[in-house]
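would you be able to build a 3D model of this:
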Amino acid sequence: MDGKKGVVATARVASKPTDPACASSEGEVAVLCVDLDNATATRPRGYALLVVAADLTGGPATPAPLTEAAVDSILGTARLR
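Numbers count the residues shown, from 1 in each chain. Below is the predicted model of the structure:
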């Protein structure tokens with residue numbers, strides 16, 4: 001991450017959708033947090049966040065939900081600009 005420190009946290013979430021064919025009943029959210037280490041005397045340190053959510057169970061078949069490999073690829077290729 002361009003020499004910055006970061007951490008990834010993941011959490012599984014569940015819901016009871018009123019229309020299981022339309023909404024997922026289980027998913028996973030991954031959050032990449034990068035410490036920008038950019039504090040100055042007048043500005044506190046900042047953090048960059050990238051949030052990726054993927055269905056695990058339920059929901060429509062099209063479009064297909066993200067695979068675990070796709071989520072890992074998104075998180076692993078993130079860059080600061």
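
name the element residue 49 belongs to?
Under the criterion DSSP states H and E, the helix or strand holding residue 49 is strand 47-58.

paired strands for that strand, with orientation please.
According to DSSP bridges, strand 47-58 forms sheet pairs with strand 24-35 (antiparallel).

next, count neighbours for the residue lying closest to residue 32 once chain neighbours are set aside.
Ranked by CB to CB, 6 or more residues apart in numbering and with sequence neighbours excluded, the top spatial neighbour of residue 32 is residue 50, at 4.3 Å. (Each C-beta comes from the backbone N, C-alpha and C, glycine too.) When neighbours are defined as other CB atoms under 10 Å, residue 50 has 14 of them.

and if you look at the one 10 residues further on?
Residue 60 sits with 14 neighbouring residues when counted by other CB under 10 Å.

run through the residues that contact it.
Counting by CB atoms under 8 Å, 6 or more residues apart in numbering, residue 60 touches 21-22.

how near is it to residue 73?
Residue 60 is 23 Å from residue 73, where distance means CB to CB, to the nearest Å.

how about residue 43?
As for residue 43, its distance to residue 73 is 33 Å (criterion: CB to CB).

identify the residues contacting residue 62.
Residue 62 makes no contacts at all, as judged by CB under 8 Å, 6+ apart.
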